[in-house]
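[1] Predicted model, plus sequence, below.
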Amino acid sequence: MNQELQVQSSNSPEQQLPFALAGECRIRNVAEIAAAFQQRVGGDIRIDARGLTGIDVAVLQLLVSVKKSSAATGHAISIDAEAGGVLHLAMDRAGLGPALQDTLRSNPK
């Protein structure tokens, strides 16, 4: 990521913990991103991926792992992403569309 990892936390009543992925998210950032997700264990996670300019398969695999780990603890993730944008294209190229498709919220407000 060329930009600083944007991490936000919330004490909202819905227990939805926001997380922003922006800029270039690559394998060199995966440990940092995983640590930030680890801080959100115990609640639903809402990921804002609308600011992505690039993402590789290592980070996509991390998203799949976060989804599975969250489900195992009774929580969910949702991903805000532009339809046809960087995240959608990377998921399709990596063959991970089916693994993450149900978490996507295209063009959220």
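    That came through, no problem. Numbering: from 1, shown residues only.

[2] quick one: low-confidence ranges for the protein?
    1-15, 107-109 (pLDDT under 70).

[3] for the protein, what's the longest helix?
    In the chain, taking DSSP state H as the definition, the longest helix is helix 57-72.

[4] Summarise which helices and strands that one is packed against.
    On a contact count with 3 or more C-beta pairs under 8 Å, 6 or more residues apart in numbering; DSSP states H and E, helix 57-72 meets helix 30-38, strand 44-55, strand 77-81, helix 86-94, helix 97-100. Any C-beta I mention is one placed from the backbone N, CA and C, and that applies to glycine too.

[5] If we use 7 Å, what do you get?
    In terms of contacts (3 or more C-beta pairs under 7 Å, 6 or more residues apart in numbering; DSSP states H and E), helix 57-72 is packed against helix 30-38, strand 77-81, helix 86-94, helix 97-100.

[6] buried set for it?
    Within helix 57-72, the residues scored as buried using 16 or more other C-beta atoms under 10 Å are 59-60, 62-63, 66-67, 70.

[7] Leu60 and Ala90, how far apart?
    6 Å (C-beta to C-beta, to the nearest Å).

[8] Find the residues that touch each one of these two.
    Residues touching both Leu60 and Ala90 (C-beta atoms under 7 Å, 6 or more residues apart in numbering): none.

[9] Quickly list what Ile79 is bridged to.
    On the basis of DSSP bridges, Ile79 is bridged to Ile47, Leu104.

[10] That one contacts Ile47, doesn't it?
    Yes - Ile79 sits in contact with Ile47 when judged by C-beta atoms under 7 Å, with a separation of 4.5 Å.

[11] Pick out the residue nearest the middle of the chain.
    For the chain, Ile47 is the residue whose C-alpha lies nearest the centre (C-alpha atoms, centre = their mean; 4.6 Å).
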